[in-house]
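Novice: sequence and computational prediction follow.
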Amino acid sequence: MAFEDVYAIVRKIPRGRVMNYGQIAGLIRHPLSARAVGWAMQQCPKGIPWHRVVNAEGGISTEMLTDPPRLQRLLLEGEGIRFDQSGKLSMSRYRWTPKKTRKK
DNA sequence: CCATTGACGAAGA
DNA sequence: TTCTTCGCCAATG
């Protein structure tokens, strides 16, 4: 699996919307490698809206891992996304699905 | 080459 | 509903 495919998808996520790791994995034909997608994001190059990728429960996985802690959440809130008391967002409401430009 | 770990997730207890 | 276990992919020790 090529990380490039992961980045290509993440780049298409519109502002104010999010996607989870497993969903991305499925789009690139690797439905069982959500963890690998996570690794790809860790290597994520500049210019990619990495903050729009959250886990399946709508929670932030990089909570204490980013430079300023909770950076991802701040960025998302900056795009109009709201979090509940448990620090999660509503996936049913913000999850986005790209148009499948099936190329191959 | 084998064991562990990790920005994950579904299933079982 | 909360916690634990297992599977899967890539990277590291």
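Specialist: That came through, no problem. Residues are numbered from 1 along each chain as shown, chains lettered A, B, ... in the order given.

Novice: what about the residue sitting nearest the centre point of chain A, distance to DNA strand C?
Specialist: For chain A, the residue nearest the mean C-alpha position is residue A:53 (1.1 Å; CA atoms, centre = their mean). Note on residue A:53: its distance to DNA strand C, by CB to the nearest atom of the strand, to the nearest Å, is 16 Å. Placement of C-beta: from N, CA and C, glycine included.

Novice: do the same with residue A:26
Specialist: To DNA strand C, residue A:26 is 12 Å away according to CB to the nearest atom of the strand.

Novice: SS state for that residue?
Specialist: In three-state terms, and counting by DSSP: H, G, I helix; E, B strand; the rest coil, residue A:26 is helix.

Novice: just the one 10 residues further on next, same as before
Specialist: Following three-state DSSP, residue A:36 is assigned to helix.

Novice: returning to that earlier point: so what's the residue nearest to the centre of chain A up against?
Specialist: Applying CB atoms under 8 Å, 6 or more residues apart in numbering to residue A:53 gives the contacts A:10, A:13, A:18, A:19, A:20, A:21, A:24, A:41.

Novice: surely the first one meets residue A:51?
Specialist: No. Counting by CB atoms under 8 Å, residue A:10 does not reach residue A:51; the two are 9.8 Å apart.
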